[in-house]
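In: what's the 3D shape of this:
(chains A and B)
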Amino acid sequence: MCSLSRAVITEFVFLCLSPEALVINDPDFQHEDLNFLSRSQRYEQAIRKSSLMVMKLREYGIADPEEIYWFKRTCLGNFIEPFGLHFSMFHKTIETQTTDAQKKKWLPLVRGVKIIGTYAQTEMGHGTHLRGLETTATYDPATQEFILNSPTVTSIKWWPGGLGKTSNHAIVLAQLYTQGQCKGLHAFIVPIRQLGTHEPLPGITVGDIGPKFGYDEMDNGYLKMDNFRIPRENMLMKYAQVEPDGTYVKPVSDKLTYGTMVFIRSLIVGDSARSLSRACTIAIRYSAVRHQSELKPGAPEPQILDYQTQQYKLFPLLATAYAFHFVGAYIKDTYHRISGDIHDGDLSELPELHALTAGLKAFTSWTANAGIEECRMACGGHGYSRCSGIPDIYVTFTPSCTYEGENTVMMLQTARFLVKSYNQVSSGQRVTGMVSYLNDLSRQRIQPQHVAGRTEAVRINDPVSLVEAYKARAARLVEAAAKNLQAELNHRKSKEDAWNRTSVDLVRASEAHCHYVIVKLFTAKLSEISNAAVCAVLTELCLLYALYGISRNAGDFLQAGILTDTQITQVNQRVKELLAVIRPNAVALVDSFDFHDVHLGSVLGRYDGNVYENMFEWAKKSPLNKTEVRKPYLVGLNDLWRSFPTPTIL
Amino acid sequence: MALPDTTEDTQGFGLASVNPDLASERLTASFSVPRLTAVLDGGAERTRLRRAVVDVIESDPVFSRENQYFQSQNERYEAAVRKAVHVRKKMQEMGWSEDGPESVYVYRALSGDVAFLLHRVFMRSISVLGSDKQVAKWIPLASEYQLIGSYAQTELGHGTYLQGLETTAVFDISTQEFILNTPTISAMKWWPGDMGRSATHTVVFAQLYIQGKCYGVHPFIVQIRSLQDHSLCPGVIAGDIGPKMNFEHIDNGYLMLKNVRIPRENMLNKFCEVQPDGTYIRRGSQKINYFTMTSVRVSLISDEVILPLMKACTIAIRYSVVRRQSKLKPGEEEAKILDYQTQQEKLLPQLAAAYAFHFINNYLHELFNRGYREIQGRNFDSLPELHAFSSGFKAMVTQYCTSGLEICLRACGGHGYSLLSGLPSLYTKILASCIYEGENTILLLQTARFLIKCFRAASAGQSVPPSVTYLAAMKPGKCTAKDKLDFLSPDIYTEAYQHAAIRLISSTAAKLQDLIQSGVERHEAWNQCTVQLVQAAKAHCHYITVKNFVETVEKLENTAGIQNIMKHLCDLFALHGIFSNAGIFLHDGYITGAQMDMVTASYLDLLGIIRKDAVPLVDAFDFTDKNLNSALGSYDGQVYQRLYEWARKAPTNKQISPAYEKYLKPLLHNKLSKL
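Out: A predicted model of the protein is given here:
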């Protein structure tokens, strides 16, 4: 039935990883199904695996944070670990924000895991808006120490991973006070637990923030400091400094943090692609195994993947997973391409990339989040069982809509860049990069016939033409938002008020811009694929992605006159035709993601499709079936029965 | 917001007064909150009754949900059984009967965290499908809890499509028994609640065979566990199906039957009977088997779907006036996040939907009760409409409320992700409703089938049920709105919804006809149109909901500001629907591009207006703090203190983790070889 081999797509699209690196078969990493473990047990398993991993890292001599990230991803799949922030933020911050003297002292401890650290930024009452943080670090020249305090409930550090039980050090972000003045946020290395006993130090209150939606194995923690003193040398002093007498030395301007943010957001775009791919793999394989109802009277029950409604749920998501994969790769490549420039102090491309990644982070994580849920629901009742694996994918993925920048705030950052670019164009300047379509807006204004003219031009079977349609939609929504903003500004005095009253429009504009970028990147990718069969199937997916997006946002395309009613009807029709075209390749397309069964963690999504037998085997392992059944009964029911006459039936 | 003292006993610190950020919201209500609560309850008398019941339940420590978020699956199951037993005692003590007005409030006060819910479905199916003799035998036993019932329909490989079930019941004339079997692994009963560990009896749906001939799916009462020692009966294999996203308190189970024999009298035979000689007799409509499903569907919408959305709105909106983030104006205090338009646009449409669905649910119940009386009198005429209606609304309301609840969760940022916010468990529970009692897509297609049939009948001039008479009134006109205020006129937007529904139904009917005429087989033509059919069914349900909201608002008392604020919510619900489905309304030019801009403008204006009443509107739902069980959503708004206090109670903070001694210590001291 399938016209493509999975290996071909995997090879051409994903440039597959070498299986030797996998440690999934290593007996050290085996454990009972996590679904049957309590939170404490899951934490313990995670610590055990982290410790083993440290051993492997030492063995292979891997020390760079990015390399560690890839090692963990390829070797351990979606492994969540309490050491995560030690290897990423703690290590990276000490590496990039310390003086040479500090490096000499701390880096060997960090790299050798002689200490375990985390990164404590978020407070109970303060998240994305960093300037609002309340924790204070007051310099005392008499003892040459900083005195750290959590002055309010809302200032308690809250959420940092690994903080609750695991770490003995934390990088704490606090408002620096010296010589009676607040100098803004700075980072400090704070020891929190006694080495050797692991007891919290005097003045430190630290603990776990309790159960969450997911991340059972992570000890997200709280940290409260009461007049806790650390030496002056524990402030990270590469940029700003406090001299022994308390004199504050200002940092040189630092746009470099943009680079880190771009990098982290590019990882989230990649996570969006991967998480959605996993969910699609499970749902599509299961839909090929599950039979239900009848399509044709008298015929055997068909695979549910043969139902148009099921294809309509899953195939656009499959296309989306592929689209996001290419977007993630693009951002990562771009980041690596310009990181050399950044290092040399050329930051010209950074603002656009920064604005673009903010929006794409939000766009892809929102879409993937909803898509994972659709995959789960497409699996019917069994999707709801933990054995499907999708609940776990969802709860692990969904916080990415919030962390590293709340999505709505991200969309508004992108919008700020779009409006700025629009205003530049309006004032006669030209803009470059992904927003260069805004240059055309001024030209169009002198040609009132453009809408009708363009309508004829959209060819719904040509991805390049669809990119133009998305471009026109983005241009129209950016323009509408910018004009509404201007109208609000004319009405009111305050810039902030006007911005707030236009923010729904602004988010829509950003979404349209991101959508355009994704369709554009997907389309551009097609020309790079040399294998004809792979190129053909990816073209179908690309068309499906673009046309489905039009169908779902028909209002925008109709209202702007980019497409006519008739064309929208054709688009809807074409989407349904494409579903049937993709159907024979559906399983091959998810096989190409090349997830090992162990990484997939799903009974429904098994490569061999032996779903029902294995569900039964899995259920038999449930702890509820192991414990003595009658115990609660004797407590509850026998009391109940005692109060009634003896049963007389049967 | 002073720092609590750090002594171990933090019970009750700083929680005495209402957070001023929340208190100020209550001073400016444009309407009377108690009056609106009474409207929601169906009268002030019922509000009093509800509160009395809630008081009784919440003051009893057995029903406490204080530690729920810290409990394991086993602990929650045990608590649910304990509560089920205790609640029965309590109700007897209070003199409340199982079908009295109090019982529904009891269930709500428990937030559903109680065992033996399927016992009720067991009883209901016997009442509806059993003969008078069977009712007389089983119902007293069940209502006295001399047995625990369950309802075993779904199989491992078979769900909503009942005809596909594989379990068999073969009639043995010589012993006058049915022999029940699970012939394949996919035929194993899978999912039924209370069956994994608790139930002694269950209603099993199985294919009936008499003398080699299959008569289709029928219900049988089967004993699965001993009434003496609760061990499994011979030939029965049953157990728990393992962890799920939620419902840890319920022992959803599997069941395998191997030559299990039950007497002939155990087939529920009000509508079908097997006589001693094997003669099969049918009385009345076969469709009656669906009636249990329909009645369950109707009864779950309020408690399992609408109330959770109301709770989520309460939590998210209260938290959004306590949480401050960034600045709207330089130099000012950080702004309440509910003052951001984007936050309003997330939450307020969900609030409007909660009200819209509350009212449509009342309507659905009226319709159902009327239909039920007719069916009792063996008049099945209203069954198709009732079935189509309940299917479509179950699908629309569950889908809408599920995504609405998730929006509320994500609108609470990081803290929404903590179980202590209460939102994750509300979400994981509500989303099961999209699947159980009929998968939503299949239900919408059933509604669509009904609509297509009615549309054809109406086009041919035949009479159709009252809810779909509008299908005969296809008007070619255009929307007449001239400025944004026109879109606050219910006639304008109701007609737009009606137009969209008719257009989608008629164009799909035409497409179906075209395909069939061009030689495509009927079933294949149907499959090719299913995406459109689903869309048409949704448009119909959306239209009816808007229309019903409008009619409800018109009938409301015009005092205490109630009608006024409800009108705003109704407008918001309607315009939100047009704004988010613009393509449907723009498609044939019924609404023009310029008019769509007016819709958007009116819609965004409404957000600002309703913002002022947002907290009073959720206060009117009248949930107690215990019922919400949320660190973010309590009435006093002491969010951060409560979050801190609750987190410190987490067992992870009480016990010393063995992980340090076992793994961390050797790691830090570089003695990893010992691992």
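
In: Centre of the chain to stretch A:387-400, how far?
Out: Relative to its chain's centre, stretch A:387-400 lies at 12 Å (Cα atoms, centre = their mean, to the nearest Å).

In: how about the residues of the stretch 151-300 of chain B that lie near chain A?
Out: By the rule Cβ under 8 Å from any Cβ of the partner chain, the part of the stretch 151-300 of chain B lying against chain A is B:154, B:156-161, B:163-164, B:185-186, B:188, B:190-191, B:196-198, B:223, B:227, B:229-230, B:239-245, B:251, B:254. For every residue, glycine as well, the C-beta is placed using N, CA and C.

In: now the stretch 251-400 of chain A, which segments are flagged as low pLDDT?
Out: Filtered on pLDDT under 70, the stretch 251-400 of chain A yields the residue ranges A:252-259, A:343.

In: How about the residues of it by chain B?
Out: Contact residues (Cβ under 8 Å from any Cβ) of the stretch 251-400 of chain A with chain B: A:290-297, A:301, A:306-310, A:312-313, A:373, A:377, A:380-381, A:383-387, A:391, A:395, A:398-399.

In: Now, those residues that are in helices?
Out: A:308-310, A:312-313, A:373, A:377, A:380-381, A:383-384, A:391, A:395 (DSSP state H).

In: From A:Gln567, how far out is the nearest residue to B:Trp526 once chain neighbours are set aside?
Out: Closest residue to B:Trp526 apart from its sequence neighbours, by Cβ to Cβ, 6 or more residues apart in numbering or on different chains: B:Leu512 at 7.0 Å. Distance, B:Leu512 to A:Gln567, using Cβ to Cβ, to the nearest Å: 22 Å.

In: got it, and B:Ser425?
Out: 46 Å.

In: residues contacting B:Lys665?
Out: Residues near B:Lys665 by Cβ atoms under 8 Å, 6 or more residues apart in numbering or on different chains: A:His198.

In: Secondary structure element holding B:Ser403?
Out: In this structure, B:Ser403 sits in helix B:383-411 according to DSSP states H and E.

In: What helices and strands are in contact with that helix?
Out: Helix B:383-411 is packed against helix B:289-300, helix B:307-322, helix B:341-376, helix B:413-416, helix B:423-430, helix B:440-459, helix B:530-555, with contacts defined by 3 or more Cβ pairs under 8 Å, 6 or more residues apart in numbering or on different chains; DSSP states H and E.

In: from the ones you listed, which stretch is densest packed?
Out: Comparing the helices and strands packed on helix B:383-411 by mean neighbour count (mean count of other Cβ atoms under 10 Å in any protein chain shown), helix B:307-322 ranks first with a mean of 27.

In: Against which helices or strands is that helix packed?
Out: Using 3+ Cβ pairs under 8 Å, 6+ apart: helix B:307-322 touches helix B:20-27, strand B:335-336, helix B:341-376, helix B:383-411, helix B:423-430, helix B:614-619, helix B:625-628.

In: let's see it at 7 Å
Out: If you count contacts as 3 or more Cβ pairs under 7 Å, 6 or more residues apart in numbering or on different chains; DSSP states H and E, helix B:307-322 packs onto helix B:20-27, helix B:341-376, helix B:383-411, helix B:423-430, helix B:614-619, helix B:625-628.

In: okay, these in TSV with mean pLDDT and distance to B:Arg456 next?
Out: Listed next are these as TSV, based on pLDDT from 0 to 100; distance: least, Cβ to Cβ, whole Å:
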stretch	mean pLDDT	distance to B:Arg456
helix B:20-27	96	52
helix B:341-376	93	23
helix B:383-411	94	14
helix B:423-430	95	36
helix B:614-619	98	43
helix B:625-628	96	48
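
In: Output these as JSON lines; include the columns distance to B:Gly130.
Out: Output for those, formatted as JSON lines (distance: least, Cβ to Cβ, whole Å):
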{"stretch": "helix B:20-27", "distance to B:Gly130": "52"}
{"stretch": "helix B:341-376", "distance to B:Gly130": "14"}
{"stretch": "helix B:383-411", "distance to B:Gly130": "19"}
{"stretch": "helix B:423-430", "distance to B:Gly130": "31"}
{"stretch": "helix B:614-619", "distance to B:Gly130": "43"}
{"stretch": "helix B:625-628", "distance to B:Gly130": "36"}
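
In: any idea which residue sits dead centre in the chain?
Out: Reading this off chain A. In chain A, the residue lying closest to the centroid (Cα atoms, centre = their mean) is A:Ile268, at 3.5 Å.

In: The nearest residue in space to B:Cys401 that is not next to it in sequence and A:Thr396: what is the separation?
Out: Sequence neighbours aside, B:Leu309 is the residue nearest to B:Cys401 in space, at 4.3 Å (criterion: Cβ to Cβ, 6+ apart). Per Cβ to Cβ, B:Leu309 is found 25 Å from A:Thr396.

In: do the same with A:Arg583
Out: 30 Å.

In: And A:Ile282, by the same measure?
Out: According to Cβ to Cβ, A:Ile282 and A:Thr396 sit 14 Å apart.

In: Which one's more surrounded, these two?
Out: Neighbour totals were compared for A:Ile282 and A:Thr396, and A:Ile282 leads with 29 against 19 (other Cβ atoms under 10 Å in any protein chain shown).

In: elements contacting the strand or helix carrying that one?
Out: In this assignment (DSSP H and E), A:Ile282 forms part of helix A:257-289. On a contact count with 3+ Cβ pairs under 7 Å, 6+ apart, helix A:257-289 meets helix A:308-343, helix A:350-378, helix A:390-397, helix A:586-591, helix A:597-600.

In: Save the ones you listed as JSON lines, and put in distance to A:Gly549 too.
Out: Formatted as JSON lines, the helices and strands packed on helix A:257-289 follow (distance: least, Cβ to Cβ, whole Å):
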{"stretch": "helix A:308-343", "distance to A:Gly549": "8"}
{"stretch": "helix A:350-378", "distance to A:Gly549": "10"}
{"stretch": "helix A:390-397", "distance to A:Gly549": "21"}
{"stretch": "helix A:586-591", "distance to A:Gly549": "19"}
{"stretch": "helix A:597-600", "distance to A:Gly549": "28"}
